[in-house]
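Engineer: sequence plus the predicted model coming up.
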Amino acid sequence: MTILFTNARLIDPEAGTDSIGGLIAAQGRITAIFPGGADAAQELPNHGLSPDDVQVIDCGGKCLAPGIVDIGVKVCEPGERHKESYKTAGLAAAAGGVTTMVTRPDTSPSIDNPETLEFVTRRAQADAPVKVLPMAALTKGRAGREMTEIGFLMDAGAVAFSDCDHVVANTKVFTRALTYAKSCGALVVAHPQEPILSAGAAATSGKFAALYGLPAVSPMAERMGLDRDIALLEMTGAKYHADQITTARALPALERAKANGLDITAGTSIHHLTLNELDVSGYRTFFKVKPPLRSEEDRLAVVEAVRSGLIDIISSMHTPQDEESKRLPFEEAAAGAVALETLLPAALRLYHAGHLDLPTLWRAMSLNPAKRLGLNSGRLKTGAPADLVLFDPDAPFVMDRFKLASKSQNTPYDTQRMQGRVLETYVAGEPVYRRS
């Protein structure tokens, strides 16, 4: 299918521009981009096309951007398919403008061997309408005792290695894994937390947690975990990505590590950018995430770090939990929230509040994750994959969790007023979602 998009507001995160124009997508790739003043009909002969050869989509001045590349999506296959499957996660991703899901290995059992990795890869290819790139576990069973067969797992398709929220507490094991990953050119994705301090925490320490009687963790635990990992990076020279930086106290260490030339990037979750610790008032377990929501001062510091580029990536950290896991006392309830469908409208809160412009948002949600994984996507340029999202940044709606495509509907944004909706999503030039 050849598609001509006209009258679009092109969001180009690489050039940092937001301008009216159009583009042509053919054979799964972007084949031409032209400015708003160009006559779309006259552009077609320049590319060997006639009007009969193409499907013309008038975007009506709505935004056309690279599809979101979402690092850190949990799909609950194998083991907990009742919470989320590749089919439902893929449908949720398409509805949310996510064209590439980078999935986590914290399944049951963990994705820690080539056989399990091949199983989930086949299931994803068969069921998901979007691209799926799997991560594999860094240690066997994510137990932090013995590293996995990193080379074999890379051969089987693993794009990165992570024990997710299980911190490898044994520094000797973690050092060996980083050293081996360095020799293979593998990316290690880590969860920077001091594991003893953060064990059992349900909130961030402070007056609010004390008032509610919740077990809490100091923001210093994140800085301590990051400091340790940075020291080991200096020792090994490995490629490293911190999955979630959520506190102001961790930012100076991250800035120094980057200034010292270490191969380090950092991400944060959309929940930590748009919510704070006060949102758990009333013991609302849909707001229980890991690490716990932080103070408003931390939230604003992390937003500024995204704006400046110190924090590279925004992700959904999509973590489905069923009703039985959430309808428990706050301390006992499972942590995590679904966010594949809510990532884009939640991120647009930062745009409407004046914190971030659209190219900066898409730099963090699309371009930077693609670059970190060595992908050619996340860009609006000739030759790039035609993975695209057409959205209206101003469309208002009230979030209804029961209308989400995910099997689990544990979103903290339920009943909240949102602004910004996905209209169409394309993967390799093929439509995978259209809002009815």
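Structural biologist: Looks like it came in fine. Numbering: from 1, shown residues only.

Engineer: residue 344 and residue 95 touch, don't they?
Structural biologist: No: checked against C-beta atoms under 8 Å, the pair residue 344 and residue 95 is beyond contact range at 9.6 Å. Quick note: C-beta positions are derived from backbone N, CA and C, even for glycine.

Engineer: what is in contact with these two at once?
Structural biologist: Jointly contacting residue 344 and residue 95 under the rule C-beta atoms under 8 Å, 6 or more residues apart in numbering are residue 422.

Engineer: more neighbours: which of the two?
Structural biologist: A direct count of neighbours by other C-beta atoms under 10 Å for residue 344 and residue 95 places residue 344 higher, at 26 against 22.

Engineer: tell me who's in contact with the more buried one.
Structural biologist: Residues near residue 344 by C-beta under 8 Å, 6+ apart: 68, 96, 97, 389, 391, 420, 422.

Engineer: now it. Its backbone dihedrals?
Structural biologist: Main-chain torsions, residue 344, degrees, to the nearest 10: phi -70, psi -50.

Engineer: please apply the same query to the one 3 residues further on.
Structural biologist: Comment: the main-chain dihedrals of residue 347 come out as phi -60, psi -30, following degrees, to the nearest 10.

Engineer: wait, what's in contact with it?
Structural biologist: Going by C-beta under 8 Å, 6+ apart, residue 347 touches 270, 273, 274, 314, 361, 365.

Engineer: what's the separation between it and residue 426?
Structural biologist: Distance of residue 347 to residue 426, computed by C-beta to C-beta, to the nearest Å: 19 Å.

Engineer: and if you look at residue 387?
Structural biologist: Relative to residue 426, and taking C-beta to C-beta, residue 387 is found at 7 Å.

Engineer: what residues do those two have in common as contacts?
Structural biologist: 67, 99.

Engineer: which of these two has more neighbours?
Structural biologist: A count of neighbours by other C-beta under 10 Å puts residue 387 above the other of residue 387 and residue 426, at 33 against 27.

Engineer: correct me if wrong: that one contacts residue 97.
Structural biologist: No: Residue 387 is beyond contact range of residue 97, at 9.9 Å (criterion: C-beta under 8 Å).

Engineer: what do those two both touch?
Structural biologist: With C-beta under 8 Å, 6+ apart as the test, residue 387 and residue 97 both reach residue 67.

Engineer: the most centrally placed residue in the chain pairs with what?
Structural biologist: When C-alpha atoms, centre = their mean is applied to the chain, the residue found nearest the centroid is residue 315 (2.4 Å). For residue 315, the beta-bridge partners are residue 269 (DSSP bridges).

Engineer: any chance you could map the strands in the stretch 251-400 of the chain?
Structural biologist: Using DSSP state E, counting those that start in this stretch, the strands found in the stretch 251-400 of the chain span residues 264-269, 313-315, 388-398.

Engineer: average pLDDT for the shortest one?
Structural biologist: Mean pLDDT, taken over the full extent of strand 313-315, equals 98.

Engineer: likewise for the last one?
Structural biologist: Average pLDDT, strand 388-398: 97.

Engineer: in the helix or strand just after it, what counts as buried?
Structural biologist: Using DSSP states H and E, the next helix or strand after strand 388-398 towards the C-terminus is strand 417-427. Within strand 417-427, the residues scored as buried using 16 or more other C-beta atoms under 10 Å are 418, 420, 421, 422, 423, 424, 425, 426, 427.

Engineer: next structured bit after strand 417-427?
Structural biologist: Following strand 417-427 toward the C-terminus (DSSP H and E): strand 430-434.

Engineer: so which residues make contact with that next one?
Structural biologist: So strand 430-434 is contacted by 1, 28, 91, 94-95, 99, 129-130, 422-426 (C-beta under 8 Å, 6+ apart).

Engineer: ok, so of the residues you listed, who is nearest residue 292?
Structural biologist: The closest of these to residue 292 turns out to be residue 95 (C-beta to C-beta; 27.9 Å).

Engineer: which one of the contacts of residue 344 sits closest to residue 328?
Structural biologist: For these, the nearest to residue 328 is residue 96 (27.3 Å; C-beta to C-beta).

Engineer: report how many residues lie close to that closest one.
Structural biologist: 30.

Engineer: repeat for residue 213
Structural biologist: Neighbours around residue 213, by other C-beta under 10 Å: 11.

Engineer: and it, how far from residue 58?
Structural biologist: 57 Å.

Engineer: can you lay out the strands of the stretch 251-400 of the chain as TSV showing distance to residue 164?
Structural biologist: Shown next, in TSV, are the strands of the stretch 251-400 of the chain (distance: least, C-beta to C-beta, whole Å):
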stretch	distance to residue 164
strand 264-269	13
strand 313-315	13
strand 388-398	27
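
Engineer: quick one: closest of those to residue 44.
Structural biologist: Proximity to residue 44 (C-beta to C-beta) singles out strand 388-398 among those, at 18.8 Å.

Engineer: thinking again about what came up before, deepest of the strands of the stretch 251-400 of the chain, which one?
Structural biologist: Greatest average neighbour count among these goes to strand 313-315 (a mean of 28), per mean count of other C-beta atoms under 10 Å.

Engineer: how far off centre is that strand?
Structural biologist: Once both centres are worked out by C-alpha atoms, centre = their mean, to the nearest Å, strand 313-315 turns out to sit 5 Å from its chain's centre.

Engineer: now do the phi/psi pair for residue 233.
Structural biologist: Main-chain dihedrals, residue 233, degrees, to the nearest 10: phi -70, psi -40.

Engineer: how deep is it tucked in, by neighbour count?
Structural biologist: Residue 233, neighbours per other C-beta under 10 Å, totals 21.

Engineer: what's the pLDDT at it?
Structural biologist: According to the model, residue 233 scores 97 on pLDDT.

Engineer: sweet, I'm off.
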